[in-house]
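>>> below is the sequence, then the predicted model.
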Amino acid sequence: MFGRKEGKAVASPEKVETVVGKDTEVRGTIISSSGIRIDGKVNGEIESSGDLVIGQGATVEASVKARHVTVAGTLRGNVTAEGKLEITQTGKLFGDVKVGALVVIEGATFQGTSSMVREGPAEKKKD
Amino acid sequence: MNRDHRQGSFTLMLIPHSDGRTRVFRLRWSWLRALLCFAVAFSAALTWFGFSYSGMLKNMDELHYLRVVTAQQRTEMEYLSREAAALLKDMKRIQELDRQVRDLLTAEKSGNSNSAASVVSIAGTRLASRGILNLSADRGLGLTELDNEFAPKPTGILGTLQEIKEQLPVQQNSLVQLKEALLERQAMLAAYPSLWPASGYISSGFGYRRNPFGSGYDYHYGVDVAAPYGSPIFATGDGTVIFSGYKSAYGRTVMIDHGYGYTTLYSHNAKNLVEVGQKVKKGQLIALVGLTGRTTGPHVHYEVWVNGIRVNPKQFMTSEQ
């Protein structure tokens, strides 16, 4: 039932189709055209045209590229997000970011430089 | 076994698109099936409940309506009950009146020792033997109970109505008999020779008298009412003419049978105006005063016979002339 839908779906950036569970560790590069959620450990590189969520308790040491990024766990590495980067109350980000929009909630940790994507998400949406 | 176990279960994962914990549930298909079954059963139950509830709402409307109706009916019932009790009381009153009328009728018997009253008394005893006159006495207890009860129970209405229903025909029968007795009495009174046979004065009374035609005494079995020649002679009571003709010494004579043992005789008439077998009413003109037979002047010789014995007519001539 679900499998059939999955086969038909070409790219669904809204949907989270990949979950790295909290007892899982990935070493290497994750490339996906849909949403990714990390609850475990990733060491390497993450690239997604969808959304990336780094859940609370997750530890990521990687350079990240995605449309929107939410950090609730710990991320060590540079972030490139055409859309919005959000660091929640429990989130810790150590690295430089280049984003369309930046949200840092009170209590969050952000250590690094940030720069904005020139084009902005609005222009991206026109595509 | 292991394979079955794997096939029998699945993982349900709830992944937040923002921060928030991922939740993982391991479920069994059988649970889902059970849940589905439960859901179906629940929705079916809910539907059924909904239907029955809407039905119940309708019933509630009806219930409210019925409550109002019942209240109204209870009021009506109480009203009817009171009315029925009142009717029963009226009934008792009528019965009491009935009894009093009977008492009056029978009391008249003892005062008047004539046969007509005995007819009434016979009717009375007949009714008494049937228990009609005793009814009031029998129901006496019930009557006092009713009097004591200010608000009769609605349930008592059937009993009260039943009582009325039972007593009405009895009362009707009683009244019918009373009516018959009264009609009988009326007939008797009409037949009773209470009038004067003619307008005049008594020239000769009943009993021993000096013979008007010679010496000595004889017994005069009637009264002579003197009146001018050709004056009207009236029937003194209802009856049937049993003689109309000429008798020696009496002259032209009319005899009327009034029933109940009464017979009257009118003689010395100038002319008889009735025929044998003719029904006459009290006060009807039957003859004219004359001088026929043995007589010394115009008068009507009037006799009253009671069961074939001539008695003094004066005692009967109670009515005004």
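Here it is on my side, so go on.
>>> just give me the neighbour total for residue B:304.
Residue crowding around residue B:304 was assessed by other CB atoms under 10 Å in any protein chain shown; the count is 26. All C-beta atoms are positioned from the backbone trio N, CA, C, and that covers glycine.
>>> check which helix or strand covers it.
Residue B:304 belongs to strand B:299-306 when assigned by DSSP states H and E.
>>> now residue A:22
Using DSSP H and E, residue A:22 maps to neither a helix nor a strand.
>>> in the strand with the most length in chain B, what counts as buried?
Ranked by residue count, the top strand of chain B under DSSP state E comes out as strand B:262-272. Residues of strand B:262-272 classed as buried under the neighbour-count rule (16 or more other CB atoms under 10 Å in any protein chain shown) are B:262, B:263, B:264, B:265, B:266, B:267, B:268, B:269, B:270, B:272.
>>> neighbouring strands - and their directions - for the helix or strand following it?
Downstream of strand B:262-272, the first helix or strand assigned by DSSP H and E is strand B:279-280. If you go by DSSP bridges, strand B:279-280 pairs up with strand B:239-247 (antiparallel).
>>> now the partner strand: average pLDDT?
Average pLDDT, strand B:239-247: 94.
>>> over to stretch A:57-70?
Averaged across stretch A:57-70, pLDDT comes to 94.
>>> report the separation between the two terminal residues of it.
End-to-end distance for stretch A:57-70, by CA to CA, to the nearest Å: 13 Å.
>>> go through it and flag the buried ones.
Within stretch A:57-70, the residues scored as buried using 16+ other CB under 10 Å are A:57-60, A:62-70.
>>> so which of these sit within strands?
Judged by DSSP E, these include A:59, A:60, A:62, A:63, A:64, A:65, A:66, A:69, A:70 as members of strands.
>>> got the contact list for the first one?
Each residue near residue A:59 by CB atoms under 8 Å, 6 or more residues apart in numbering or on different chains is listed here: A:40, A:41, A:42, A:73, A:74.
>>> same thing but 7 Å
Each residue near residue A:59 by CB atoms under 7 Å, 6 or more residues apart in numbering or on different chains is listed here: A:41, A:73, A:74.
>>> one step back: could you give the mean pLDDT of the strand holding residue B:304?
Across strand B:299-306, the average pLDDT comes to 93.
>>> send the alpha carbons of it over as CSV?
Output of strand B:299-306 as CSV, limited to C-alpha atoms (Å, rounded to 0.1, in the frame of the first residue of the first chain):
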residue,chain,number,x,y,z
HIS,B,299,-135.3,13.8,43.5
VAL,B,300,-132.6,11.3,42.7
HIS,B,301,-132.5,8.2,44.9
TYR,B,302,-128.8,7.3,45.2
GLU,B,303,-127.4,4.0,46.4
VAL,B,304,-123.8,2.9,46.8
TRP,B,305,-123.1,-0.9,46.9
VAL,B,306,-119.9,-2.2,48.2
